[in-house]
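**Student:** Quick one, what's the 3D model for this:
(2 chains)
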Amino acid sequence: QQPVQSPQAVILREGEDAVINCSSSKALYSVHWYRQKHGEAPVFLMILLKGGEQMRHEKISASFNEKKQQSSLYLTASQLSYSGTYFCGTEGNNDMRFGAGTRLTVKP
Amino acid sequence: NAGVTQTPKFQVLKTGQSMTLQCAQDMNHEYMSWYRQDPGMGLRLIHYSVGAGITDQGEVPNGYNVSRSTTEDFPLRLLSAAPSQTSVYFCASSLTTGKGETQYFGPGTRLLVL
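**Tutor:** Numbering: from 1, shown residues only, chains lettered A, B, ... in the order given. Model prediction:
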């Protein structure tokens, strides 16, 4: 089953903050976050492991609530380069499933 | 390392034709997978493999076949292409699965079925 992401789209002004959420109905080993620019392949941002710490990538951080099977991606002081589609990937025993994505647009 | 490579980059097929999308990785990764990406649907898992000789179905396997005879290669076959298979296809690999390893994506293959 695909994880569920929200919101579907976000429009920000440069410097504003945003939160993207990801939830799954099944038990997870880890949650991955990727960013995809138009016409390109998804690029890895970070992994959150069960029992692990909150992770950071530049001014982007993420958390993983194991009990709720939910993860959130926090984009702080957004930059123009943050624009793209963000995907969460949930890892079970044998496969990786991705959400439908959140399109983030950062305007000057 | 070349990472994950995919060929072709772009392909146009007529309904009913067959073709093979190639995927190769040179990182000695056990886990390889195929996704299709359609607008608003994200990345949907087609088939995956946890090692040479082992494959399994993902969320949307119908119309696609795979095999994994070597660790490096994981081709995706369309036996009789349909317009519904128009999509962007990504191959991905990781060292293993179930242990928090990074997925590496290939550049993608854009397929148009007329």
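**Student:** can you list the weak-confidence ranges in the chain?
**Tutor:** Unless you meant another one, I'm taking chain A. For chain A, the stretches flagged by pLDDT under 70 are A:52-55, A:57.
**Student:** Actually, chain B is the one I wanted.
**Tutor:** B:98.
**Student:** hmm, who's touching stretch B:13-29?
**Tutor:** Identification of contacts with stretch B:13-29 by C-beta atoms under 8 Å, 6 or more residues apart in numbering or on different chains yields B:1-8, B:11, B:32, B:34, B:71-83, B:89, B:91, B:93-96, B:104, B:106, B:109, B:111-114. Where you see a C-beta, it was placed from the backbone N, CA and C, and this is true even at glycine.
**Student:** Can you list which of these are found in strands?
**Tutor:** B:4-7, B:11, B:32, B:34, B:76-78, B:89, B:91, B:93-94, B:104, B:109, B:111-113 (DSSP state E).
**Student:** Within reach of chain A, which of these are there?
**Tutor:** B:94, B:104 (C-beta under 8 Å from any C-beta of the partner chain).
**Student:** ChimeraX command to pick out the buried ones of the ones in strands among the contacts of stretch B:13-29?
**Tutor:** Selection of buried members from the ones in strands among the contacts of stretch B:13-29 for ChimeraX, criterion 16 or more other C-beta atoms under 10 Å in any protein chain shown:
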select /B:4,6,11,32,34,76,78,89,91,93,94,104,109,111,113
